[in-house]
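Visitor: here is the input, now give the coordinates:
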Amino acid sequence: MTLSRRALLIATGGLPVLGWSKRAKATASTVRPRHVLCLLGGEGGLARLKDAATHAIEQIAAGFSIDTTYSQDKPDPNMSRSFGVCWDRVAPNAWSGADEADVAGHKSVLYVLGPPMSADNAVMCSAGALFLVDAVIKAGATAAKGESAGVAHGLARWAALAHDAAAALQSDDNIALRRTCRLAFAKRPLAGRSHMETVGFHLVGLPEVYVAKAYGSEREVVAVMDEVGDQLAQRGLDAVLRDRKARLSEETSYPSDDFKFNPYGIVTIDRS
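Guide: Here you go, the predicted model:
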């Protein structure tokens, strides 16, 4: 079973009862994003995954916790389909046939929940999430994905991202760290009616970026998304809106009880 914010809120008795259309603006500023990580293992592997995640939480991912409701020491028949729609299709060789086979052959599932994040601490929390994924993979996890935006990478790609994040921390390069965490946990491009969309920029404290399909090919649109993501981090929202002739919107197809909901809004870029 794929864990969702709705399922988590139902399990904890915290699911709001008001309709989305009536509460969107009221709740947007109060919703705090969080990570949900899904890690797969082998036969009887849950205890090993939990031990590795617990150690990582103590050392490098403060505030994270093991989910005991949906973690299981048996395979989940939905995982191949779930990973199939989540694989990153932007980075070259983001996953391999061996990664797909490991997903299909998994025998255990661990979910780890991150703490609610603010825009101020989102990057460091996301770095902790990335280092936790790397640590559990080194301890024997065979696959991993970020549920909060629905993105999965192969094991080699996860390792490369963790290496880049560690290098950014060592050099005190906050822009590079935010970029690496964005690449690790955000999904793009997703097709909307007239724009290509990102999901997951809230996990590094940024609004989503929607780019008009008329801008060019998917590769060209992704390049704009990534460039704007860097500019938002480097120069701020107001400068991007002004220089790109973009607009900030609170309209979204995700309800506020969905992990994909972005409380920082959406920067929409139309072809001028």
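
Visitor: quick test: name the residue nearest the centre of the protein.
Guide: Taking Cα atoms, centre = their mean, the centroid of the chain lies closest to Phe185, which sits 3.1 Å from it.

Visitor: residue contacts, that one?
Guide: By Cβ atoms under 8 Å, 6 or more residues apart in numbering, the contact set of Phe185 is His35, Ser126, Ala129, Leu130, Gly146, Ser148, Ala149, Val151, Gly200, Leu203, Val204. The way it works is simple: take the backbone N, C-alpha and C, and place the C-beta from them, glycine included.

Visitor: report the separation between the fourth one and Ser148.
Guide: This means Leu130. According to Cβ to Cβ, to the nearest Å, Leu130 stands 13 Å off from Ser148.

Visitor: let me see the contact set for Gly44.
Guide: The neighbours of Gly44, taking Cβ under 8 Å, 6+ apart as the test, are Asp73, Lys107, Ser108.

Visitor: just give me the closest of those to Asn174.
Guide: Proximity of those to Asn174, judged by Cβ to Cβ, is greatest for Ser108, which lies at 35.9 Å.

Visitor: mind listing the residues bridging to that closest one?
Guide: Beta-bridge pairing for Ser108 (DSSP bridges): Gly41.

Visitor: who touches it in this structure?
Guide: Neighbouring residues of Ser108 by Cβ under 8 Å, 6+ apart: Leu40, Gly41, Gly42, Glu43, Gly44, Gly45, Leu46, Leu49, Gln72, Asp73, Lys74, Pro75.

Visitor: now do the second one: how many residues are near it, please.
Guide: Pointing back at Gly41 there. Other residues within reach of Gly41 by the criterion other Cβ atoms under 10 Å amount to 26.

Visitor: mind checking how far the residue nearest to Ala143 when sequence neighbours are not counted is from Ser108?
Guide: The shortest distance from Ala143 to any non-neighbouring residue, by Cβ to Cβ, 6 or more residues apart in numbering, is to Leu40 (4.2 Å). Here Leu40 is placed at a distance of 7 Å from Ser108 (Cβ to Cβ).

Visitor: and what of Val123?
Guide: Computed as Cβ to Cβ, the Val123 to Ser108 distance reads 30 Å.

Visitor: cool, Ile137 as well?
Guide: 14 Å.

Visitor: look up phi and psi at the residue nearest to the centre of the chain.
Guide: According to degrees, to the nearest 10, the main-chain angles of Phe185 amount to phi -120, psi 0.

Visitor: Arg81 should be in a helix, yeah?
Guide: Yes: using DSSP: H, G, I helix; E, B strand; the rest coil, the assignment for Arg81 is a helix.

Visitor: for stretch 158-169, what is the average pLDDT?
Guide: Confidence over stretch 158-169 (mean pLDDT, whole number) is 98.

Visitor: what comes up buried for it?
Guide: Taking 16 or more other Cβ atoms under 10 Å as the neighbour-count basis, stretch 158-169 is seen to contain the buried residues Trp158, Ala160, Leu161, Ala162, Asp164, Ala165, Ala166, Ala168, Leu169.

Visitor: now what about stretch 112-132, what contacts it?
Guide: The contact list for stretch 112-132 (Cβ under 8 Å, 6+ apart) reads 8, 32-37, 39, 53, 56-57, 60-67, 146, 158, 161-162, 165-166, 169, 174, 177-178, 180-181, 184-185, 202-205, 264.
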